[in-house]
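In: structure for this input, please:
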Amino acid sequence: MRKSTTVKFISAVIITSAVVAFFVYFLKNKNDRPFQLINQVEQANIIYHANLEEMVDEAILFNNNVTKKIGLGILLGKIKNTLETSGIKSENAFLTHDFYQGNATTLYAEITDQKAFEKSFELLATLFQLDTFNQNPSLFLSKNLPISAVVKERYIKLTYGNTLPESIAINQNPLNSFFKNTLSTQGIGIINTANKSTLDSTDFATFSYTSNDDFQLFIDWQTKGPHPLKKHQDSVLIYNSEKNVIQSFFNVDSKHFKRYSNSYLSDLGYQFIDNFDSKWAELLSQWTGNASIQLGGREVKKKVQYITEFDDNFNQIEKEVITIDSVLDIGIFWESKEIESALNTVFKLPNVNQEKDKLHIALLPPLETEISAKNVKAAINLNKFKKFSSPNILQLSITSPELNGEITLHQQSVNKVLLKVEIKDWLTLDNPKELILSNLW
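Out: Below you'll find the predicted structure:
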């Protein structure tokens, strides 16, 4: 009996010692794990794994070649110099923006040189009047700007926006392993497309960009179920203008999109529409999702007039006068569930009216019109419309000396679409603010 008790006691000691040793080993290895900045990043509407030095270099190139603002150039140069001596790992940082939490933009950066960082942060604190909050040595708030900073041993979190001081110093909503893995590659970003305060792997988008000779932005939006953006028809009607200076078409299933219940994206859409005349919202509510406009080059138009003159004997004679005019070649196509109602709405828009069978729009030549039960065509020459097949749901192309670029939205699969924005020779652009529509043709 006594031997059995001794065996049990020894077994208990061995098990207890093993458990204690396991926890000591686990905690030791946990503390020995290398620091990873991404573990400090909180969820937000937009998150980007950034190289700050490259971003500043790109901004300097754009200012030197396009905007050409001396003051901005000086500022960007100072930012570049500061980054190089800041003591942070600027080539591996994270930028976030959150519409829910005070519309705040946050920078996360790893501290690699403590002495250099302390010197840089002292200048930053003086510039923005940063002071500690509630005797918290790691939390700093600006006295006159919505700027805060959390300074830890290994990283800094710098925020611009109206956020609650109590929530700034705490990582309340860390990223899960799925989004940490997605953001592990530098140059990749995430957009929260779901109507939630946290990221959802069943409805999100990733983005990236390149800025060599051409600027290209890629946004890959994917959902678990059928994607809200879907092609409406196999083809769309497009005008065959003399030159394809501007070509734009939509071929989206609006009925299918309305089944997608996402109040967040809907609100963004309504906010965009609110910038225009209220009649546009009425027009879009009747739209099927099919429309196109194409313009470029000149079309020769012959105009015949008959005038009355008098001959030498004062007899009235009728004379035919033919004038040749060269006008912008343009065609517009619009499909609606109720075309008569849509046209009534169009004629209520400013600078749009109808005279006989001609549609008059400001800055454009009079357009011939053809109205059917579900659509309307307006063009210089109604015979030049043709069916156009494309895998794209949306396309906007501009080809001119002033601007050469394209926006496409392509349905890659049932649950994924890719938005691509491309501007060719982006560093040779004229000042974008000085672009005039009439120069495009």
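In: okay, which residue is most central for the protein?
Out: residue 219 (7.9 Å; Cα atoms, centre = their mean).
In: excluding chain neighbours, what is closest to that one?
Out: Closest residue to residue 219 apart from its sequence neighbours, by Cβ to Cβ, 6 or more residues apart in numbering: residue 419 at 4.2 Å. C-beta coordinates here come from the backbone N, C-alpha and C atoms, glycine included.
In: right, and the one you found touches residue 216 too?
Out: No. Between residue 419 and residue 216 there is no contact under Cβ atoms under 8 Å: 11.2 Å.
In: okay, buried residues for the helix or strand where residue 293 lies please.
Out: Taking DSSP states H and E as the criterion, residue 293 maps to strand 287-310. Residues of strand 287-310 classed as buried: 287-296, 299 (neighbour count, 16 or more other Cβ atoms under 10 Å).
In: could you point out which element follows the helix or strand bottoming out on mean pLDDT in the chain?
Out: The least trusted helix or strand in the chain, going by mean pLDDT, DSSP states H and E, turns out to be helix 2-32, with a mean of 51. Sequence order places strand 46-50 as the next helix or strand after helix 2-32, per DSSP H and E.
In: how about the strands in the stretch 51-200 of the chain?
Out: For the stretch 51-200 of the chain, the strands defined by DSSP state E, counting those that start in this stretch occupy 93-98, 104-110, 130-133, 136-142, 147-151, 155-160, 189-191.
In: now residue 149. Nearest residue, chain neighbours left out?
Out: Per Cβ to Cβ, 6+ apart, closest to residue 149 is residue 140, 4.4 Å.
In: that neighbour contacts residue 152, doesn't it?
Out: No. Residue 140 is beyond contact range of residue 152, at 11.9 Å (criterion: Cβ under 8 Å).
In: where are the low-confidence patches of the chain?
Out: By pLDDT under 70, the low-scoring segments of the chain are 1-32, 101, 163-170, 261-270, 273, 300-304, 428, 430-441.
In: quickly list the domain ranges of it.
Out: Residue ranges of the domains in the chain are recorded as 37-211, 232-298+328-390, according to automatic domain parsing.
In: about what we covered before: and residue 140 and residue 152? which has more neighbours close in?
Out: residue 140 (25 against 11; other Cβ atoms under 10 Å).
In: do you know how far the more buried one is from residue 373?
Out: 66 Å (Cβ to Cβ, to the nearest Å).
In: do residue 422 as well
Out: Computed with Cβ to Cβ, the distance linking residue 422 and residue 373 is 38 Å.
In: neighbour-wise, which of those two wins?
Out: residue 422 (17 against 8).
In: can you count the residues close to residue 239?
Out: Residues near residue 239, counting by other Cβ under 10 Å, number 27.
In: so it sits against residue 334, correct?
Out: No. Between residue 239 and residue 334 no contact is recorded; they are 11.9 Å apart, counting by Cβ under 8 Å.
In: hmm, back to that, what sits against the residue nearest to residue 149?
Out: 125, 130-133, 148-151 (Cβ atoms under 8 Å, 6 or more residues apart in numbering).
In: now, of those, which are buried?
Out: 125, 130, 133, 148-151.
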